[in-house]
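Peer 1: sequence-free structure coming up:
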């Protein structure tokens, strides 16, 4: 629970810094802030937290796990969308899911920027002259955060968890202080307060209020994305026992303050505290917003690993940062790209007010997609269709209302995360399509087993001592590196292992189901190794396990030569596939992806690469 506080709830836990401020600003376009507007806004925030986070995410969405793992890609694995044929409904689900995954990256560029900026801007409450320092200080804090990522989620969560516990205690105490000033604010518990105010405010103002109030629930998606890091039960307990009560108390405290002092609308959070506590609170809020950024960053790491394993993203270098927990990872490429995008957002928008316009649209679309996929999973698991349509349909309607409200902010900055998400989704779809084209080309070039063995019998090659391991993407046919080796050298090793690593649509595969060995000819065995999408394939360990279990005899695991195909992709118009420029983009990604030997953790001294050209 302490680790979850430090990683999962950082984002939503710092929303009180800016969410109510933006909502009451939207509720008072003429500059006047009557008490009924304040009550309507805080009532809306309360019921958004209850409906979207408590009921939808904590109760409903966390049930849609793939053996403990959560997130959009885990949902796609449950629906077997990766294996969908083009043109089918599952193929459409895959596209929708990839868009949802890409939205998480777009959101990831905004979350650290608005969180840290909103905290450091607290300096201007008592010292407006410090305004020029806000941007440099924000940049310095964010750079330090991204530099810390290599230490690992567990390390960061262990440090940040106790700090976040103190943060939620401060939120609750400040909120109680405000409520005591004006207990009448508790009338906002009635949801009719929110409904009456929205109906009376007019469509334009109501949509602006809904879009601003949605800022109070951004970060809730991290509950699902980070479920594999901490588990369903600690995440739920943390939310209901600590996070939700603290947030509600603080929002109500801010609202109570504004009822008595509407002039504090520019910074109600900091005005809740006594004057002597403003600067310490700015420092504490800055630390808390650093933690807020951690939720989205760790979620992006987890999402990237899953996408790579399921063939939806090029291979990237992944570092495991904890031996006791497989989910603790660091992806350097994703970390630094997020850092560049986040710092770009800070210096482009320059204030948390401007970033509020960019924030929310990507999250609201992601939440709607998650609800849709959860409904498909519930139907696949055999739940009553009427119940699924009623429950998920209600939550989808709520999501779509908030999404529609956030579209009004499209030209105020909402285009920024959508542009980033569109770029990521396009790259993912290009990679998947290119991989399919390469697999089709390999299948056409791959020699059938019977034909290969007949050729060896008719024209026996020179036999080389030792055992050669040939990696192949397919569990059928003869791998291209083996065919090319025999054709050019007229030689063959005494023993052959044809090894295929398959990624199953489950997080992890048990050791007893890891290895499957089939003898296809004397001294020629096919070895199929199965891994989950949250595991890092290690071919040498898999082969060693097969030897230790007696599935392969007479072989020394440390005296093997691994032959791996090094493919050069040739974009061409002669082969029907993608547009040539898109094929060239795929070829670029393929050249810069992590090499197969490193990806499969094969020692460099045991690797032999055999070149192959493939036209797509």
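Peer 2: On my side now, so go ahead. These numbers come from a predicted model, not from an experiment.
Peer 1: helices and strands of this structure: which one bottoms out on pLDDT?
Peer 2: Least confident helix or strand, the chain: strand 319-320 with a mean of 72, by mean pLDDT, DSSP states H and E.
Peer 1: same for whatever helix or strand comes next after it, what does it pack against?
Peer 2: Using DSSP states H and E, the helix or strand that follows strand 319-320 in sequence is strand 329-330. Strand 329-330 sits against helix 278-309, strand 319-320, with contacts defined as 3 or more C-beta pairs under 8 Å, 6 or more residues apart in numbering; DSSP states H and E. The C-beta positions use only the backbone N, C-alpha and C, and glycine is treated the same way.
Peer 1: looking at the ones you listed, which is buried most?
Peer 2: helix 278-309 (a mean of 24; mean count of other C-beta atoms under 10 Å).
Peer 1: pLDDT score assigned to the residue of the chain most remote from its centre?
Peer 2: Here the chain reaches farthest from its C-alpha mean at residue 458, the gap being 54.0 Å by C-alpha atoms, centre = their mean. Residue 458 is assigned a predicted lDDT (pLDDT) of 87.
Peer 1: report the contact partners of it.
Peer 2: Contact analysis of residue 458 by C-beta atoms under 8 Å, 6 or more residues apart in numbering lists nothing.
Peer 1: can we start the residue count at 41 from this point?
Peer 2: Understood, numbering begins at 41; the last thing we discussed is residue 498.
Peer 1: distance check, it against residue 517.
Peer 2: Distance of residue 498 to residue 517, given as C-beta to C-beta, to the nearest Å: 19 Å.
Peer 1: where does pLDDT dip in the stretch 341-490 of the chain?
Peer 2: Flagging of the stretch 341-490 of the chain using pLDDT under 70 yields the residue ranges 360-368.
Peer 1: switch to 90 and redo it
Peer 2: Within the stretch 341-490 of the chain, the ranges that satisfy pLDDT under 90 run 341-375, 385, 388-406, 413, 416-423, 445-462, 465, 468-469, 472-490.
Peer 1: low-confidence ranges, the stretch 141-290 of the chain, go.
Peer 2: The model of the stretch 141-290 of the chain has pLDDT under 90 over residues 141-174, 181, 184-204, 221-222, 237-248, 251-252, 255, 258-274.
Peer 1: what about 50?
Peer 2: Within the stretch 141-290 of the chain, no range satisfies pLDDT under 50.
Peer 1: tell me where it has strands.
Peer 2: With DSSP state E, counting those that start in this stretch as the criterion, the stretch 141-290 of the chain has no strands.
Peer 1: run through the helices of it in chain order.
Peer 2: Listed in chain order, the helices of the stretch 141-290 of the chain (DSSP state H, counting those that start in this stretch) span 163-166, 174-188, 193-221, 231-241, 243-253, 262-265, 267-270, 272-278, 284-300.
Peer 1: next, the buried residues of the longest strand out of those in the chain.
Peer 2: Counting by DSSP state E, the longest strand found in the chain is strand 531-543. In terms of neighbour count (16 or more other C-beta atoms under 10 Å), strand 531-543 has its buried residues at 532-533, 535-541, 543.
Peer 1: what of stretch 90-108?
Peer 2: In stretch 90-108, counting by 16+ other C-beta under 10 Å, buried: 91-98, 100-102, 104-106.
Peer 1: and the average pLDDT for it is what?
Peer 2: According to the model, stretch 90-108 has a mean pLDDT of 88.
Peer 1: need the residues that contact that stretch.
Peer 2: For stretch 90-108, the surrounding residues in contact (C-beta under 8 Å, 6+ apart) are 52, 110, 114-115, 117-118, 257, 260-261, 263-264, 267-268, 271-272, 275-276, 279-280, 284, 407, 410-411, 413-414, 417-418, 431-432, 435, 438-439, 442, 545-548, 572.
Peer 1: can you rerun that using 7 Å?
Peer 2: Outside stretch 90-108, the residues that touch it by C-beta atoms under 7 Å, 6 or more residues apart in numbering are 110, 114-115, 117-118, 257, 260, 263-264, 267-268, 272, 275-276, 279, 284, 410-411, 414, 417, 435, 438, 546-547.
Peer 1: wait, isn't residue 153 in contact with residue 387?
Peer 2: No - judged on C-beta atoms under 7 Å, residue 153 makes no contact with residue 387 at a distance of 9.3 Å.
Peer 1: ok, the two, which is more surrounded?
Peer 2: residue 153 (29 against 11; other C-beta atoms under 10 Å).
Peer 1: which ones are touching the more buried one?
Peer 2: By C-beta under 7 Å, 6+ apart, the contact list for residue 153 reads 382, 385-386, 395.
Peer 1: residue 487 too?
Peer 2: Residue 487 sits next to 517-518, 523 when contact means C-beta under 7 Å, 6+ apart.
Peer 1: gap between it and residue 650?
Peer 2: In terms of C-beta to C-beta, residue 487 sits 14 Å off from residue 650.
Peer 1: same check, this time on residue 553
Peer 2: Between residue 553 and residue 650 the computed distance is 30 Å (C-beta to C-beta).
Peer 1: more crowded one of those two?
Peer 2: Higher neighbour count among residue 553 and residue 650: residue 650, with 18 against 10, using other C-beta under 10 Å.
Peer 1: re earlier: closest one to residue 527 among the helices of the stretch 141-290 of the chain?
Peer 2: Smallest distance to residue 527 across the helices of the stretch 141-290 of the chain (C-beta to C-beta): 45.5 Å, for helix 267-270.
Peer 1: got the buried residues for that closest one?
Peer 2: Going by 16+ other C-beta under 10 Å, helix 267-270 has these buried residues: 267-270.
Peer 1: likewise for stretch 628-641?
Peer 2: Using 16+ other C-beta under 10 Å as the test for burial, stretch 628-641 gives 629-630, 633, 636-637, 639-640.
Peer 1: so which of those are in helices?
Peer 2: Among the buried residues of stretch 628-641, DSSP state H puts 629-630, 636-637, 639 in helices.
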